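In: coords below, sequence missing:
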């Protein structure tokens, strides 16, 4: 299924240098903000207090978050836990206060809003657990990157593998740069979104590179630049359908999912947008500059001839 078909190849690679300079500047700014400001890590990474509070009736999450926010916890995590009457509150560690003092202060504020609030439990998340989560998160990210490189090297060619990994790291660093610049809270949910973006972005690159390999087999008269331009052009309709439908779901989570899903959906939104861009203009351009050629991908005889104006050039498989 496709919304439209473009018969004339769009010369994307003609602007590759300018677009990649913009990408490099954006990437450099993201790295700068990561080093200069750092990430605003959540309780899971920094340590803190996790409280469980029960109500006699369904809890108003908004009022709970507002009451705790007035105590000096602007980014506190409040979510339903088990049933609609149970609430879980994650408090970051504060200097000069232990967990018991924090929980007592919070319960006093909650009882002022609803006297039926009762504390069910309290758990302390130490910095050692946070360090372990950070280490495991970085290991997971590294394993995903290595797995992508191995997969693409076997399916296509090492030049495509290098190009895709660089493009994916471009997406990840830019997402982290946004979170560092605006000091949005970086939680385990956001880390899961970053890992999801890696898989999502590599899927788009695989689609384009698969079309590049197919074009090399079809058209002997087209050079590498024309092959890549045609591959990107012929997959535009598919990109609009898949990414557009996915973005609608993510935006629905962003606008209607509440504060619990806010940063998760925000990270996915940024990642999907930059994932489309990087697959077309970063990964494809890097593969072109690495010197990918027909002999790298086509081992057998070329089946047919053609050019960029071939009537089948815009077909989407």
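Out: Nice, thanks for sending it over. None of these values were measured; they are calculated from a predicted model. Residues are numbered from 1 along each chain as shown.
In: any idea of the mean pLDDT in the longest helix seen in the chain?
Out: Counting by DSSP state H, the longest helix found in the chain is helix 188-218. The pLDDT scores in helix 188-218 average 87.
In: equivalent analysis for stretch 83-94, please.
Out: In the prediction, stretch 83-94 has an average pLDDT of 87.
In: and it, which residues are buried?
Out: Buried residues in stretch 83-94, defined by neighbour count with 16 or more other C-beta atoms under 10 Å: 86-93. Glycine gets a C-beta too; all of them are placed from N, C-alpha and C.
In: which strands and helices sit next to the longest helix of the chain?
Out: With contacts defined as 3 or more C-beta pairs under 8 Å, 6 or more residues apart in numbering; DSSP states H and E, helix 188-218 has these neighbours: helix 127-155, helix 158-182, helix 224-234, helix 236-256, helix 259-277, helix 284-289, helix 294-297.
In: what angle do helix 224-234 and that helix make with each other?
Out: 120 degrees (axes from the mean of the first three to the mean of the last three C-alpha atoms, to 10 degrees).
In: show me how far helix 188-218 is from its chain's centre.
Out: Averaging C-alpha positions (C-alpha atoms, centre = their mean, to the nearest Å) puts helix 188-218 12 Å from its chain's average.
In: now that helix: buried residues?
Out: Applying 16+ other C-beta under 10 Å to helix 188-218 flags 189-191, 193-195, 197-198, 200-202, 204-218 as buried.
In: same thing with stretch 140-159?
Out: 141, 144-145, 148-149, 152-153, 156-157, 159.
In: give me the pLDDT for residue 257.
Out: 85.
In: err, residue 158, not the other one
Out: According to the prediction, residue 158 has pLDDT 84.
In: where in the stretch 201-317 of the chain is pLDDT low?
Out: In the predicted model of the stretch 201-317 of the chain, residues 299-317 satisfy pLDDT under 70.
In: again, only this time at 80
Out: Along the stretch 201-317 of the chain, the parts satisfying pLDDT under 80 run over 260, 296-317.
In: surely residue 97 is in a helix?
Out: No - counting by DSSP: H, G, I helix; E, B strand; the rest coil, residue 97 falls outside a helix, being coil.
In: that one: how many residues sit nearby?
Out: Here the number of neighbours of residue 97 (other C-beta atoms under 10 Å) works out to 14.
In: which secondary structure element contains the closest residue to it other than its chain neighbours?
Out: Nearest residue to residue 97, sequence neighbours excluded (C-beta to C-beta, 6 or more residues apart in numbering): residue 105, at 7.7 Å. Assessed by DSSP states H and E, residue 105 sits inside helix 99-113.
In: other SSEs contacting that helix?
Out: strand 48-54, helix 61-69, strand 83-92, strand 118-125.
In: how distant is it from the center of its chain?
Out: Remark: helix 99-113 is offset 36 Å from the chain centroid, using C-alpha atoms, centre = their mean.
In: many thanks, I have nothing further to ask.
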